[in-house]
Each structure stands twice: as structure tokens, then as C-alpha cells.
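# Sequence first, then the predicted structure, then my questions.
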Amino acid sequence: MKILYIDPVFGMSGDMMISALIDAGVPFDALEGLVAKISPDAPSMKPVRLTQGVISGIHLEMGESDKYYTISEMERVIGGIDVERSVRDDALGMLSLIVAAESKIHGIPRDDLHLHELSHIDTIIDLLCVAYGVGYLGVDRVFCGPVPCGSGTINTSHGSIPNPPPVTLEILRGRPLVFYGESLELTTPTGAAIVAHYTEPVSRVPAFKTIREGYGVGTYKCSRPDVLRVFVGQADEPAYDQEVEVIEADVDDMEMEYMGAVADRLRSAGALDVLFFPVSMKKGRMGIRLSITTGMDVFERIVDMVFAETTTFGMRFHRHMRRVLRREEGTIETSFGPVRIKKGFDPSGRLIKTHIEFDDIRSIADTKNIPYREALELVRKEIETRIKMVPGPRSQVSGLRKKTKQQS
């Protein structure tokens, strides 16, 4: 798989990430054209090469601008810009992380929130340019080293606040951090949102061969180089392997009717799989084993929920690797109406299976007053004539939806 590894030597910010991506081969003229689409009043950008010690990289000089936006205006600008949908989606995803963290930290509803410094046009530029750059590199997965944070206090529009800012810590919750004795904002909320959106907390990064690297250089003069480094590399591991945690808890004093409701809440909270089955416990008592597979990004949330929602006093953790197919989701127009469908591809890119969204089958069956299995067979036959299946394992079209993290 092709990966992007972010090495935040001295922190993370949007402009330094853009600079590193430019140095790694993302064309500046494409980014400049993208910024021009944001607003006629967008500030100018100029990449210049700077050297810190023995390190040479790109520093992005930004022109002045006094243009600010509300959150809804930022979403409207990003959502309406003429660029690939994936770029818009990634930029909006990063913005939503910032907004959610600010709302939680300040205890203010989203609609009443004002982002202060982050409402500047520079934030929109950072989010869109980073999203474009990562997409341009065509990587399968993004990894990041421990994120550096400063200490002491910093001055903001809210006054003097602890360093790193609480909103940055909220965005980075669950990610490995490293603290330095520098009274500087080493990682900004935008930099934190880049890490949180593109990466998952993992205990290991796969070994990779470097294809190229890029350096984003800042202007701080400190004992450590003010540099953000990125690597574009090729790893031998499949792109869709992911590290997961399996949580187990055994209970024998909980009413069964609550277990199904707990499982639903755990899935809604981001669990990948939730199973429960009977086990024989001490003194011959029959109990229930709750088994949950979860990504590292929501692990702590799931653990807290298990303690809150069940009668267990403890649980076990097992770390595993999970392999999933690359998948695409879309909607196919049929004679029965639109039907959502997922397509799964093997590592060579062959389409090997399809899954029909059960809710759409149920809607068709209820409308026509026919059995669900009959509706599934009718839709399956029509869809199979529309999807060209290459030779390989038999296409499996099922009404069962298996929720995975990639689909959440």
C-alpha cells in the first residue's frame, strides 16, 4: 500500500503541512488556483525555500487578509467550491472536528459558536489545500508520529490560556502526545484536526520504502528545528489491514432484555462489531459474554460505555489486526426505485462481492406487500445484470448489512 507518514518534528499546523506537501511534490499552481476559487479577497501565497540548520524545505508566505467567516459560511464556501468531492468532504470533516471540540470545550451549542482566530479565511485555505494535497498524492493510508505540544501559557482572543489549548487536546484525544518545555503553540487546532481526520491511533507504523519526502519549515528560532516532515512511501502490508481492540466482559447478573439495547448503543458509538453469547461461569451459573471489536479512535469511549451500561466490574482487552475489502458505496436505479449497494474489491482491484442495503429491500417489500426474500431475489437479479462481475469468487448479494468502520 502507498502511505503518507507525518513526522511532526516540532509540531503541526495547516500552513506547515501545506508547505511539506508542496515539497513532497504537490503542485503549487494547483493549490494557488484552488485558493483563488475561495474568494476574490483570498490572500496571496508564495512558497519560498528556507534552511534551518542542515534542513532545507518550503515555507509558505501568506499575504494579509481581514476576511472572516461564520461556521455556516465556512461550510457553505467549502461545500460549494469547484473541486473533487473527496477534497470537499475531507475539508468539511476536519472543520467538523474543530467545531465539535470548540463547542464541547466552551459549552456552547454549535449554532451559537464563534471560532475567533479560526474563523479567518486562512483556516479554509489550510483545510482545502491539505485535503487537495493528500488526495493528489494518492495514498491509501496516513500515519502520524507522536504530536508535539508546548507548555506554559499562550495569549489568544480568549486571554491567556494553558498551552496546549484545551481545544487542541480535545481534538487529539486518544493520540500519542509528547510535551516540550517551549512556551510556543507547537500544534494548532487545525494541525490537530489534520491528524485526527486522516489517522487512527495505532501502536505501530508499517515498515515502508520511501518514495519521496517533503519538509515544511517554520520561522521559530529554538533549540529544535521548526520543521514538519512528511514521507510518501510504499509498504508491503495490504492497505485495508487495520489494528483493532477486542473488548470482552462476562456478566451473570444482568437482564437479557437490556443486552440488545446496550449492543445497539455500542454500535451507534462507533463499535465495529458487537456480539454476545452464553457462557458457563463460576458455580455453574450461566452468564453472557459481551465481545466488542473497536477501532483505537473510539476505544476509550466504548470502554466507558461498557462500564456505564452493564453490570461488569472489569473487562479484558486483546489487540488484533483486521483485514477488510476495499469497498465502494453507491446507489443503483432499479425498476423498484433507487437501491443502495456496496461493492467489495480484492487487493488486485477485482470486484468480488456486492451487498444490497437491507433497509431498501424492506421498503420495497413493504410497498409491494411481498416477502422480504422475494423482494431481495427480484432486486438481486436486476442488479446482477447491471454490474459486470469479473471472473473470480461467486458474487454474493446479501440483504444483511455488516457495518464496518469504513462505512461509519
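Okay, I see it. Nothing here was measured: the structure is a model prediction, and the numbers come from that model. Numbers count the residues shown, from 1 in each chain.

# what about stretch 160-167, average pLDDT?
Taken as a whole, stretch 160-167 carries a mean pLDDT of 88.

# Sorry, wrong one. I was asking about stretch 85-93.
93.

# element containing the residue positioned nearest the centre of the chain?
Closest residue to the average C-alpha location of the chain: residue 197 at 3.6 Å, with Cα atoms, centre = their mean. Element membership of residue 197 [criterion: DSSP states H and E] is helix 189-198.

# Give me the contact list for the helix or strand following that helix.
Where DSSP H and E defines the elements, the next helix or strand beyond helix 189-198 is strand 208-217. With contacts defined as Cβ atoms under 8 Å, 6 or more residues apart in numbering, strand 208-217 is touched by 2-3, 5, 15-25, 50-52, 55-60, 226-235. Quick note: C-beta positions are derived from backbone N, CA and C, even for glycine.

# how about 7 Å then?
Under the contact criterion Cβ atoms under 7 Å, 6 or more residues apart in numbering, strand 208-217 has outside partners 3, 16-17, 19-25, 50, 52, 55-59, 226-235.

# does residue 244 really touch residue 320, like I thought?
Yes: Residue 244 is within contact range of residue 320, at 5.6 Å (criterion: Cβ atoms under 7 Å).

# Show me which of these two is the more surrounded one.
Set residue 244 next to residue 320 and count neighbours by other Cβ atoms under 10 Å: residue 244 wins out with 21 against 10.

# Tell me which helix or strand the residue lying closest to that one once chain neighbours are set aside sits in.
Nearest residue to residue 244 in three dimensions, chain neighbours excluded: residue 322, at 4.7 Å (Cβ to Cβ, 6 or more residues apart in numbering). Secondary structure assignment for residue 322, by DSSP H and E: strand 316-323.

# What is that strand packed up against?
With contacts taken as 3 or more Cβ pairs under 7 Å, 6 or more residues apart in numbering; DSSP states H and E, strand 316-323 sits against strand 241-251.

# can you give me the strands in the stretch 101-250 of the chain?
141-144, 147-149, 153-156, 159-162, 177-179, 208-217, 227-235, 241-251 (DSSP state E, counting those that start in this stretch).

# circling back to that earlier point, if I look at the residue nearest to the centre of the chain, how far off is residue 300?
18 Å (Cβ to Cβ, to the nearest Å).

# Also residue 290?
Taken as Cβ to Cβ, the span from residue 290 to residue 300 is 17 Å.

# who's more crowded, those two?
Legend: neighbour count by other Cβ under 10 Å for residue 290 and residue 300, higher for residue 290 (24 against 13).

# Doesn't that one lie inside a strand?
Yes: the assignment for residue 290 is a strand, going by DSSP: H, G, I helix; E, B strand; the rest coil.

# Just grab the bridge partners of it for me.
residue 249, residue 276 (DSSP bridges).

# give the contact list for it.
248-249, 251, 276, 310.

# Backbone dihedrals for residue 45, both of them.
Torsion angles at residue 45 (phi, psi; degrees, to the nearest 10) stand at phi -130, psi 140.

# How is this structure divided into domains?
2-235, 241-323, 326-403 (automatic domain parsing).

# Need the winner for burial among those domains.
Highest mean neighbour count of the domains of the chain: domain 2-235, a mean of 18 (counted as mean count of other Cβ atoms under 10 Å).

# what about the residue sitting furthest away from the middle of the chain, which SS state?
The C-alpha centroid of the chain is most remote from residue 283, which lies 45.5 Å away (Cα atoms, centre = their mean). With three-state DSSP as the basis, residue 283 sits in helix.

# pLDDT value on it, please?
80.

# What of residue 321?
80.

# Excluding chain neighbours, what is closest to it?
residue 241 (5.5 Å).

# Show me what that neighbour bridges to in the sheet.
residue 323.

# Now do it against residue 298, distance only.
With distances taken as Cβ to Cβ, residue 241 is found 18 Å from residue 298.

# How about residue 87?
Where residue 298 is concerned, residue 87 sits at a distance of 25 Å (Cβ to Cβ).

# Same check on residue 226?
For residue 226, the distance to residue 298 - Cβ to Cβ - is 33 Å.

# Same question for residue 334.
From residue 334 to residue 298 the distance is 35 Å (Cβ to Cβ).

# try residue 210
For residue 210, the distance to residue 298 - Cβ to Cβ - is 31 Å.

# next one: residue 221
Counting by Cβ to Cβ - residue 221 and residue 298 are separated by 40 Å.

# Columns distance to residue 75 on top of the strands of the stretch 101-250 of the chain, output as a markdown table?
Output for these, formatted as a markdown table (distance: least, Cβ to Cβ, whole Å):
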| stretch | distance to residue 75 |
| --- | --- |
| strand 141-144 | 23 |
| strand 147-149 | 26 |
| strand 153-156 | 23 |
| strand 159-162 | 26 |
| strand 177-179 | 29 |
| strand 208-217 | 27 |
| strand 227-235 | 27 |
| strand 241-251 | 29 |
